[in-house]
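>>> can you look at this prediction? I've put the sequence above it.
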Amino acid sequence: MLASIRNITIWQLVKRFIWASLFAVVFWLVNTIWYKPFNINHFYDRLILQTALQDPESLTKLGILERYGIKFYNDRLSFLPTKETQAQEISKALEMLNSYKKSNQNTEQRLSTAILSRYLEDLLLETSFADHHYYLSSFEGIHLDFPNFMVSYHHIHTVKDAEDYLIRLSQFDKKMDRCLEVLQGQKASGALPPRFMIENILVQIDTFLVSETKENLLFRDFSVKIGAVEVMSEPVRREMSFQANTLLQDVVYPSYAKLASFLTHHLDSLKEGDGVWRTNSGEEYYLALLRKYGSTDELIGEELYQKALHEADTARQKLQKHLDSMNIGTKTAYTFRNFYSDPKYKFKDDSTSRAECLAMVDSLVRVNKSIFDKIIWKGSVTNVQMWAFSNFQAVDLEAIEYREATLHSKIVPIWKLNFVQMNKWHKAIIPTMVAGELARHYQRTIQKNKANIPVFRQIIDFAA
């Protein structure tokens, strides 16, 4: 009898323990997902996940979830958010971040909190000037970013990946409509890109549309990718090629034409002169950009301008001193102008020169491979690819561009080379161009490879 009572009592305690544990887990999950997480590290992770889920293209680029076989977002495109929604979400995140007591955080957490706080503050300030930002330029914007994204990041290994590619093509008109909606709002506030930039954009669009759809960059990219899928039958491959061509004809090309029509219509109404000073609240926007990109609150406006002039003058004096030591009597600017225009350092616009230029860049990358492995990639990436810009991409781009590897390193670093405009290449400057492009990405690459830090610090553009 006593043994039976004791057994019942123990069983009841076990059940109560199970229910209490289950309740604690559910309570923790609910709090972490919908309310304030108990641990600030979970808040960091939740914030980056919430942000990423609203930006499917970034999720594809980062590849964070693909290592776990999660790719549900690969059939979606990202759309520009409204500035009101964005400001509300940033303010809410900043308020919750500041609610965590610094005294309960360790040294690394306090650093992460300070970085995230400054990043969100800058983002909130930037959002208040959303109408001032150029969503289109001859370097970036929907007309360049969409094909670059599809070619560089949407990989096809299965039939489902190919279907996702087609779905993304089918959504491009909606993405373009949202972009035009934002541009219309910018037109009202006088913040469209300057005339010379829009003229370059129109050339890029014309170059993209000039060929038949089956000769277009996107169709050729899709054809090559599905051609490498072994599990895809030939009838399925033909059907998907037909669908891709149809979507380019019915969705993508008309969307580009719609953008060109909008820009052409407003071209004559643009004011002369370039710069943020043309826009409403231009000075305030300029100061906000100084805060973000200058990483300083102390030097603003005229002070920073004078400091920049001083730094430039110091550099000029050092260069002139070096030229004088070489018995070159001309002034710095004149010397470099002559040097840059010297025909012996220029490339001709022919296949031989392109091959020579490619060999120079490739040699520089290979010579420094051991340094890249130890410092830049830490051995996680074993090879580099060389790509050439397509004609429409190269209209107003630099000679060389470096694209980093993804976090999981399945997408290798790529050097994109502008061989459409060979006049941008200079034999004596190529080493500097390669090193300079690497230097631009050095901080970001170090962040990506740093262990034991929150994921957001591996992703955001913040120099810390």
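Arrived safely, thanks for sending. Numbers count the residues shown, from 1 in each chain.

>>> quick one: the helices in the stretch 201-350 of the chain, in order.
217-227, 234-247, 253-267, 282-294, 302-325, 332-341 (DSSP state H, counting those that start in this stretch).

>>> and the next helix or strand after the shortest one, how far out from the chain middle?
The C-terminal neighbour of helix 332-341 among helices and strands, as given by DSSP states H and E, is helix 351-367. Averaging C-alpha positions (Cα atoms, centre = their mean, to the nearest Å) puts helix 351-367 26 Å from its chain's average.

>>> show me what counts as buried in helix 351-367.
353, 354, 357, 360, 361, 364, 365 (16 or more other Cβ atoms under 10 Å). (C-beta placed from N, C-alpha, C; glycine too.)

>>> nearest to residue 61 among the residues you listed?
residue 365 (22.3 Å; Cβ to Cβ).

>>> that closest one touches residue 437, doesn't it?
No - Residue 365 lies out of contact with residue 437 (Cβ atoms under 8 Å); the separation is 10.8 Å.

>>> next up, the contacts around residue 57.
Residue 57 makes contact with 77, 78, 149, 153, according to Cβ atoms under 8 Å, 6 or more residues apart in numbering.

>>> that one: which element?
helix 56-62.

>>> from the chain's centroid, how far away is that helix?
10 Å.

>>> give the next helix or strand downstream of that helix.
Following helix 56-62 in sequence order, the next helix or strand is helix 83-98 (DSSP H and E).

>>> just how off-centre is that next one within its chain?
For helix 83-98, the separation from the chain centroid amounts to 22 Å (computed by Cα atoms, centre = their mean).

>>> what residues of the helix or strand following it count as buried?
Once the chain leaves helix 83-98, the next helix or strand it forms, by DSSP H and E, is helix 107-127. Buried residues in helix 107-127, counted by 16+ other Cβ under 10 Å: 109, 112-113, 115-116, 118-120, 122-127.

>>> relative to helix 282-294, how tilted is helix 107-127?
150 degrees (axes from the mean of the first three to the mean of the last three Cα atoms, to 10 degrees).

>>> could you dump helix 107-127 to CSV, C-alpha only?
Taking C-alpha atoms only, helix 107-127 is exported to CSV below (Å, rounded to 0.1, in the frame of the first residue of the first chain):
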residue,chain,number,x,y,z
THR,A,107,32.5,42.9,-22.6
GLU,A,108,31.8,41.4,-26.0
GLN,A,109,28.0,41.9,-25.6
ARG,A,110,28.6,45.6,-24.7
LEU,A,111,30.7,46.1,-27.8
SER,A,112,28.0,44.3,-30.0
THR,A,113,25.3,46.5,-28.4
ALA,A,114,27.3,49.7,-29.0
ILE,A,115,27.8,48.7,-32.7
LEU,A,116,24.2,47.7,-33.3
SER,A,117,23.0,50.8,-31.5
ARG,A,118,25.1,53.1,-33.7
TYR,A,119,24.1,51.2,-36.8
LEU,A,120,20.4,51.5,-36.0
GLU,A,121,20.7,55.2,-35.2
ASP,A,122,22.4,55.9,-38.5
LEU,A,123,19.8,53.8,-40.3
LEU,A,124,17.0,55.6,-38.6
LEU,A,125,18.5,59.0,-39.6
GLU,A,126,19.1,57.8,-43.1
THR,A,127,15.5,56.6,-43.3
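
>>> which strands and helices sit next to that helix?
The contact analysis (3 or more Cβ pairs under 8 Å, 6 or more residues apart in numbering; DSSP states H and E) places helix 107-127 against helix 40-53, helix 83-98, helix 282-294, helix 455-459.

>>> of all those, which one comes closest to residue 260?
Per Cβ to Cβ, nearest to residue 260 of the helices and strands packed on helix 107-127: helix 83-98, 25.7 Å.

>>> pull the closest one out as PDB, backbone CA atoms only.
Extracted in PDB, the C-alpha atoms of helix 83-98 (Å, rounded to 0.1, in the frame of the first residue of the first chain):
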ATOM      1  CA  LYS A  83      10.000  54.800 -45.200                       C
ATOM      2  CA  GLU A  84       7.200  54.900 -42.500                       C
ATOM      3  CA  THR A  85       7.300  51.100 -42.000                       C
ATOM      4  CA  GLN A  86      11.000  51.000 -42.000                       C
ATOM      5  CA  ALA A  87      11.300  53.900 -39.500                       C
ATOM      6  CA  GLN A  88       8.800  52.200 -37.200                       C
ATOM      7  CA  GLU A  89      10.600  48.900 -37.200                       C
ATOM      8  CA  ILE A  90      14.000  50.400 -36.600                       C
ATOM      9  CA  SER A  91      12.700  52.600 -33.700                       C
ATOM     10  CA  LYS A  92      11.100  49.500 -32.100                       C
ATOM     11  CA  ALA A  93      14.300  47.500 -32.400                       C
ATOM     12  CA  LEU A  94      16.400  50.400 -31.000                       C
ATOM     13  CA  GLU A  95      14.100  50.800 -28.100                       C
ATOM     14  CA  MET A  96      14.200  47.100 -27.200                       C
ATOM     15  CA  LEU A  97      18.000  47.000 -27.600                       C
ATOM     16  CA  ASN A  98      18.400  50.000 -25.200                       C
END
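
>>> pLDDT on that helix, on average?
If you average the pLDDT over helix 83-98, you get 90.

>>> nearest to residue 44, of the helices of the stretch 201-350 of the chain?
Of all those, it is helix 282-294 that lies closest to residue 44, at 20.9 Å by Cβ to Cβ.

>>> now do the buried residues in that closest one.
282, 285, 286, 288, 289, 290, 291, 292.

>>> kindly report the same for stretch 136-147.
Buried-residue list, stretch 136-147, by 16+ other Cβ under 10 Å: 136, 137, 138, 141, 142, 143, 144, 146, 147.

>>> my read is that the third one contacts residue 201, right?
Yes - with contact taken as Cβ under 8 Å, residue 138 and residue 201 are classed as touching, separated by 5.7 Å.

>>> ok, which of the helices of the stretch 201-350 of the chain comes nearest residue 91?
helix 282-294 (16.2 Å).

>>> so where's the stretch 51-200 of the chain shaky on pLDDT?
Within the stretch 51-200 of the chain, no stretch has pLDDT under 70.

>>> burial of residue 218, as a residue count?
Neighbourhood size, residue 218 [other Cβ atoms under 10 Å]: 22.

>>> now render the buried residues of helix 351-367 as TSV, adding pLDDT and distance to residue 259.
Formatted as TSV, the buried residues of helix 351-367 follow (pLDDT from 0 to 100; distance: Cβ to Cβ, whole Å):
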residue	pLDDT	distance to residue 259
353	84	34
354	82	31
357	82	33
360	84	37
361	81	33
364	80	37
365	71	36
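
>>> quick one: which of the residues you listed is nearest to residue 243?
Nearest to residue 243 among the buried residues of helix 351-367 is residue 354, at 34.6 Å by Cβ to Cβ.

>>> and the pLDDT at the nearest residue to that closest one once chain neighbours are set aside?
Excluding its sequence neighbours, the residue lying closest to residue 354 (Cβ to Cβ, 6 or more residues apart in numbering) is residue 419, at 4.8 Å. What the model reports as pLDDT for residue 419 is 72.

>>> list phi and psi for residue 419.
Backbone torsions of residue 419, given as degrees, to the nearest 10, read phi -100, psi 0.

>>> which of the three states applies to residue 451?
Judged by DSSP: H, G, I helix; E, B strand; the rest coil, the three-state class of residue 451 is coil.
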